[in-house]
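Visitor: Sequence and predicted structure below; questions after.
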Amino acid sequence: VEGAHRADEPRDRGANLSDAAARWSGADYERVAETFAPVHDRIVDGLSLRAGDRVLDVATGTGGVALRAARAGAEVVGVDISADQLSKARAAADAEGIPLELIECDCQEMPLPDESFDAAASAFGLIFAPDHARAGAELARVCKPGARIAVTAWTFDAFSETAERVGRPASPGEDPRLWSGEEHARGSLPAFDLRFETGTWRVQEASADAVWELLATSVPPIKLWLAEQDEATREAAKHAYSEVFPDGVLERQYVLILGTRL
Ligand SMILES: C[S@@+](CC[C@H](N)C(=O)[O-])C[C@H]1O[C@@H](n2cnc3c(N)ncnc32)[C@H](O)[C@@H]1O
């Protein structure tokens, strides 16, 4: 597949891949990933894994879901568009002695065979693919009939609306939050029988400043955008975001899409 290669081989990315990869690199993302632990646990529960299952973690990032699935006895492949993220997943897997196959690629075009996975997951990852129907079709292609999926999506909440207020550009392509709508998700994943649950992601820090520090240093697209702004814009962004978590508690609602490949 053009533009895709194994994470441990020299890189030769196409321009279309490098924009998205850059957007998701160069931050302490692993700190945010730690706060997703309850979501990652819930996703792995939702996959109803059996020992020896082949599991795909789409947009694995630093490997939160992939590592959990591997610890549960699955044979896991993690894909992500960012080599920086994958290098952290690799380091975490090696530190624990967990075998993980990691592939740097766009989840809209994965160098993986048809019908090769018993289960597939994506924690706040697949949703960022620019073309939702294409990403859904690609997920369907690699799943065996009967395969289980578990995918989380952010909703249209106060946090995400703050990005628009401060002028932070949306991710390229379709709005990732659309995935939280049942009709949209069904339209993008027609090859699956779906059901929907909701959840809350909660971060509690000592103060609003501490939450902002976490976001500004550890969420790659926020860190990147802030670095390109002047001081006044950075301060305005901090102020606007801090209104969402004035006491140091940030809560966001998400939708968990569970399904079975038809
Ligand atoms: C919010 S992070 C989630 C990472 C991980 N799933 C987790 O829960 O910690 C989003 C991830 O999606 C990846 N990503 C964004 N667009 C992608 C694409 N088109 N194909 C593959 N990965 C992509 C980013 O590199 C990033 O690691």
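Guide: Looks like it came in fine. Model, not experiment: these values are computed from the prediction.
Visitor: how about M110, secondary structure?
Guide: Under the three-state scheme (DSSP: H, G, I helix; E, B strand; the rest coil), M110 adopts coil.
Visitor: pLDDT weak spots in this structure?
Guide: Scanning the chain for pLDDT under 70 picks out 1-17.
Visitor: ok, A83 touching G26?
Guide: No. Counting by CB atoms under 8 Å, A83 does not reach G26; the two are 11.0 Å apart. In short, each C-beta sits where N, CA and C put it, glycine included.
Visitor: So which residues of the protein form strands?
Guide: 5-6, 54-58, 75-80, 101-104, 117-123, 143-154, 192-204, 249-261 (DSSP state E).
Visitor: now these in a markdown table, with mean neighbour count and distance to V39?
Guide: Output for the strands of the chain, formatted as a markdown table (neighbours: other CB atoms under 10 Å; distance: least, CB to CB, whole Å):
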| stretch | mean neighbour count | distance to V39 |
| --- | --- | --- |
| strand 5-6 | 15 | 28 |
| strand 54-58 | 27 | 13 |
| strand 75-80 | 26 | 16 |
| strand 101-104 | 21 | 20 |
| strand 117-123 | 26 | 6 |
| strand 143-154 | 21 | 6 |
| strand 192-204 | 14 | 6 |
| strand 249-261 | 20 | 7 |
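Visitor: Turn those into CSV, including distance to the ligand.
Guide: Formatted as CSV, the strands of the chain follow (distance: least, CB to the nearest ligand atom, whole Å):
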stretch, distance to the ligand
strand 5-6, 13
strand 54-58, 7
strand 75-80, 5
strand 101-104, 9
strand 117-123, 3
strand 143-154, 8
strand 192-204, 10
strand 249-261, 11
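Visitor: Which among the ones you listed is found nearest to A20?
Guide: Among the strands of the chain, the nearest to A20 by CB to CB is strand 75-80 (10.1 Å).
Visitor: Just want the angle from that closest one to strand 54-58.
Guide: 20 degrees (axes from the mean of the first three to the mean of the last three CA atoms, to 10 degrees).
Visitor: which one of A83 and G26 has more residues nearby?
Guide: Per other CB atoms under 10 Å, whichever of A83 and G26 has more neighbours is A83, with 19 against 13.
Visitor: Point me to the residue of the stretch 51-200 of the chain nearest the ligand.
Guide: G61 (2.4 Å; CB to the nearest ligand atom).
Visitor: quick one, what contacts the nearest residue to that residue once chain neighbours are set aside?
Guide: Ranked by CB to CB, 6 or more residues apart in numbering and with sequence neighbours excluded, the top spatial neighbour of G61 is Q85, at 4.8 Å. Residues in contact with Q85, defined by CB atoms under 8 Å, 6 or more residues apart in numbering, are W24, S25, Y29, T60, G61, T62.
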